[in-house]
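*Asks:* This is a predicted model, with the sequence first.
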Amino acid sequence: MGQSWRLPGAEIARRVATGESRAADVVADHLARVAAVDPELNAFSVVLAYQARAEATARDRALADGSAPGALAGVPVVVKEELAVEGLVTTFGGRGNSTPAAEDSEVVRRVRSAGAVVLGKSTMPEFGAFPYTESDAYGVTRNPWSPGHTPGGSSGGTAVAVATGMAAVGLGGDGGGSIRIPAAACGCSG
């Protein structure tokens, strides 16, 4: 496994934009990290391995053809279950919705247009109602530094993914501490 999962998003973007790294290799490193770490922590509700690899390869081809890299060139991103990703059900942490999203939410569209690669979606408590991350649909998400404790919520899966290098950047939502609490509990910026 490569070590690009140890790098901050800005450094990944710089390396991909300058040709020092390939987006496909960065995504492969992060997917390997997910496979190694997530079974114990349960930060991802869905991993889009095939789609992320294809998206990264397309980014590399576009750069080779002279396209502008974008501010998030090749940066692996995880998206909280409350945000729409085209073709996936936006579960809000539960089982109530079964209709796949027709298109990406605006924030997902923007990070993709800036060159980011969506690795998957992250766990959250149902409807973001609690300051801890567990649900009947996805189970308990564990704090990476103390697995017997919560990572906070409701963007707990996102915070765990970023804190452990499974994703360089994470998208969440905060109406009452839903980013701030998990960031503090997991030791990352929110």
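*Replies:* Good, I have the coordinates.
*Asks:* center of this structure, which residue is that?
*Replies:* Per C-alpha atoms, centre = their mean, the C-alpha nearest to the average position across the chain is that of residue 78, at 1.0 Å.
*Asks:* what's the helix ranked longest in the chain in contact with?
*Replies:* Counting residues, the longest helix in the chain under DSSP state H turns out to be helix 23-41. Outside helix 23-41, the residues that touch it by C-beta atoms under 8 Å, 6 or more residues apart in numbering are 1-5, 12, 15-16, 44, 47, 49, 52-53, 55-57, 59-60, 63, 73-76, 115, 117, 119-120, 141-142, 144, 147, 160-161, 164-168. Placement of C-beta: from N, CA and C, glycine included.
*Asks:* again, but for stretch 169-176
*Replies:* Defining contact as C-beta under 8 Å, 6+ apart, one finds that stretch 169-176 is touched by 9, 72, 75-80, 82-83, 107-108, 111, 116, 122, 128, 154-155, 158-159, 161-162, 178-180, 182, 190.
*Asks:* Now intersect those residues with the strands, please.
*Replies:* Mapping the contacts of stretch 169-176 onto strands (DSSP state E) picks out 76-80, 122.
*Asks:* Tell me which two in those residues are the farthest apart.
*Replies:* Farthest-apart pair in those is 76 and 80; separation 14.9 Å (C-beta to C-beta).
*Asks:* And these two? Which one has more around it.
*Replies:* Ranked by neighbour count (other C-beta atoms under 10 Å), residue 76 and residue 80 place residue 76 first, with 33 against 28.
*Asks:* Could you export the ones in strands among the contacts of stretch 169-176 as TSV, including pLDDT and distance to residue 133?
*Replies:* Putting those into TSV (pLDDT from 0 to 100; distance: C-beta to C-beta, whole Å) gives the following:
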residue	pLDDT	distance to residue 133
76	98	20
77	98	18
78	98	13
79	98	15
80	97	10
122	98	9
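*Asks:* before we move on, back to that, distance between the longest helix of the chain and the chain's centre?
*Replies:* Here helix 23-41 is found 11 Å from its chain centre; the criterion is C-alpha atoms, centre = their mean, to the nearest Å.
*Asks:* circling back to that earlier point, if you look at the contacts of helix 23-41, which of them are in helices?
*Replies:* Judged by DSSP H, the subset of the contacts of helix 23-41 located in helices is 12, 15-16, 49, 52-53, 55-57, 59-60, 63, 160-161.
*Asks:* Now compare these and name the two farthest from each other.
*Replies:* Spanning the widest gap among these are 63 and 160, at 30.3 Å by C-beta to C-beta.
*Asks:* Which one of these two is surrounded by more residues?
*Replies:* For residue 63 versus residue 160, neighbours defined as other C-beta under 10 Å are more numerous around residue 160 (33 against 21).
*Asks:* Provide a list of residues in contact with the more buried one.
*Replies:* Listed by C-beta under 8 Å, 6+ apart, the contact partners of residue 160 are 41, 43, 122, 133, 141-144, 151, 166, 182, 186.
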